[in-house]
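J.: Test case, fold it:
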Amino acid sequence: MDASRVTEAEILQALYTLVSRIEFINEADIPLDKWMEAHRLCREVDEKDHQASRFIAEFSGKLQQLESSWASLNNPMTDADANALVPQDFPNEPRAGSAT
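T.: Predicted structure coming up:
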């Protein structure tokens, strides 16, 4: 940020605006006809002919990261699982769910 003319507050506001507009959708809630339409639209695309094909691997990796993040947020770790990790990674910290 030192080289930028944008303040930290402006960056944080822009980030908040971006993140607040993200809507995660469970794949199970997408109707079958939408999956079929997406497949129909994409099946004849030749990756070699598409200008953005060089970004496919990068986008795929980012999508996997987002799916993993979504899963972590919607299926949080239990206190028992957290307590199993705390001693090895944070030996001087209290256990999950315990009063400090």
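J.: Tell me the helix or strand right after the helix or strand hosting Leu73.
T.: Here Leu73 sits within helix 56-74, counting by DSSP states H and E. Remark: after helix 56-74, the chain's next helix or strand is helix 79-89, criterion DSSP H and E.
J.: Who are the packing partners of that next one?
T.: The criterion is 3 or more CB pairs under 8 Å, 6 or more residues apart in numbering; DSSP states H and E, and there are no helices or strands that helix 79-89 contacts. (Glycine included, C-beta is placed from N, CA and C.)
J.: So for it, what gets flagged as buried?
T.: By neighbour count with 16 or more other CB atoms under 10 Å, helix 79-89 contains the buried residues Val86.
J.: Would you mind writing the CA trace of it as CSV?
T.: Taking Å, rounded to 0.1, in the frame of the first residue of the first chain, the C-alpha atoms of helix 79-89 are listed here in CSV:
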residue,chain,number,x,y,z
ASP,A,79,-14.8,-28.5,19.5
ALA,A,80,-13.5,-32.0,19.7
ASP,A,81,-11.7,-31.7,16.4
ALA,A,82,-10.3,-28.3,17.3
ASN,A,83,-9.1,-29.7,20.7
ALA,A,84,-7.3,-32.4,18.9
LEU,A,85,-5.4,-29.8,16.8
VAL,A,86,-4.7,-27.2,19.5
PRO,A,87,-2.0,-29.0,21.4
GLN,A,88,0.1,-29.8,18.4
ASP,A,89,-0.2,-26.4,16.6
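J.: All set now, cheers.
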